[in-house]
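Visitor: predicted model and sequence follow; I will ask about them next.
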Amino acid sequence: MAAEKEKNIPQLDDKLKHIAFIMDGNGRWAQRRGMPRMAGHRAGAKTFQTLSHYCADVGLKIMTVYAFSTENWKRPAAEVNALMELMDYYLDNSERLMRKRSIRFRFIGDTTALPEKLQRKIADLEDSTKNNDMILNIALNYGARAEITRAYRVLRERGIENPTEQDVSDAMYTGGFADPDLIVRTGGDLRISNFLLWQAAYSELYFTDKLWPELTTDDIDEIIREFYTRKRRFGDV
């Protein structure tokens, strides 16, 4: 079965180096099943692990996921606290789970607003995986407008008064890494919700009604195949 699946996956090349995911629908997945919202977040965390492993296995170079936005602090305090606890648990197990796939963890966003224990674990995980291969960007306390505002401050601190587009790109959290070739949003909404606004200038967009915990490796296969049918012109003819 594994060999058959592999034959159906297009060979990844430099046309598809980076996929970013807006992981939407955890709460709705749980509510439709009469379960508390946190059950959906736990199911979503399992889907994230499965799909990040799979993306590494098929040769993707960079994967970015929108884990917690700057706007998510508006949710009920009990849900936010439970999400922080879930992240804490995930970080405790991540290095072991990802070691075989040689995944490098990077966290983008203002992590200084997170609990100190989480900040320490994030720093340790980034350091211990810094020589690994596939880059996994986890957008945590992230908002694209806040990122662009931060980039302005970075440029000013660097003494760059008339920045080029490359200067701005270098000042982003993702500076030095390829922009996403493809942004995938689950959950049915047709927007990108303050995610990678600068980096998404020429990204292909893929929307699915499936909720994030429902997404499977077969769906990833289909998304990859669909991407390779598109003609990316980057403003050319």
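Guide: Received, thanks. Small disclaimer: the values here were computed from a predicted structure and weren't measured.
Visitor: so Ala201 sits against Asp179, correct?
Guide: Yes. Using Cβ atoms under 8 Å, Ala201 makes contact with Asp179 at a distance of 7.2 Å. C-betas here are computed from N, CA, C, even on glycine.
Visitor: what about the two, which has more around it?
Guide: Asp179 (20 against 11; other Cβ atoms under 10 Å).
Visitor: for Tyr66, phi and psi?
Guide: Main-chain torsions, Tyr66, degrees, to the nearest 10: phi -90, psi 100.
Visitor: remind me which residues of this structure are low pLDDT?
Guide: Residues of the chain meeting the criterion pLDDT under 70: 1-10, 235-237.
Visitor: for it, just list every one of the strands.
Guide: 18-22, 62-69, 103-108, 134-142, 182-185, 204-207 (DSSP state E).
Visitor: dump these to a markdown table, plus mean neighbour count.
Guide: Below are the strands of the chain laid out as a markdown table (neighbours: other Cβ atoms under 10 Å):
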| stretch | mean neighbour count |
| --- | --- |
| strand 18-22 | 25 |
| strand 62-69 | 22 |
| strand 103-108 | 20 |
| strand 134-142 | 23 |
| strand 182-185 | 23 |
| strand 204-207 | 16 |
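Visitor: which among those is found nearest to Leu83?
Guide: Smallest distance to Leu83 across those (Cβ to Cβ): 6.5 Å, for strand 62-69.
Visitor: name the helices or strands packed onto that closest one?
Guide: Strand 62-69 is packed against strand 18-22, helix 37-57, helix 77-98, strand 134-142, with contacts defined by 3 or more Cβ pairs under 8 Å, 6 or more residues apart in numbering; DSSP states H and E.
Visitor: partner strands of the first one, with direction?
Guide: If I follow you right, that is strand 18-22. Pairing partners of strand 18-22, with direction, according to DSSP bridges: strand 62-69 (parallel), strand 182-185 (parallel).
Visitor: same question for the last one.
Guide: If you go by DSSP bridges, strand 134-142 pairs up with strand 62-69 (parallel), strand 103-108 (parallel).
Visitor: middle-most residue in this protein, spatially?
Guide: Computing the C-alpha centroid of the chain and ranking residues by Cα atoms, centre = their mean puts Val65 first, at 1.3 Å.
Visitor: so what's the closest residue to it other than its chain neighbours up against?
Guide: Once flanking residues are discounted, Val65 sits nearest to Phe21: 4.9 Å by Cβ to Cβ, 6 or more residues apart in numbering. By Cβ atoms under 8 Å, 6 or more residues apart in numbering, Phe21 lies in contact with 51, 63-66, 183-186.
Visitor: just put those residues in a markdown table and tack on distance to Met35.
Guide: Output for the contacts of Phe21, formatted as a markdown table (distance: Cβ to Cβ, whole Å):
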| residue | distance to Met35 |
| --- | --- |
| Leu51 | 21 |
| Met63 | 27 |
| Thr64 | 28 |
| Val65 | 22 |
| Tyr66 | 22 |
| Ile183 | 28 |
| Val184 | 25 |
| Arg185 | 23 |
| Thr186 | 18 |
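Visitor: tell me the one of these nearest Ala39?
Guide: Nearest member of these to Ala39, counting by Cβ to Cβ, is Thr186, at 17.0 Å.
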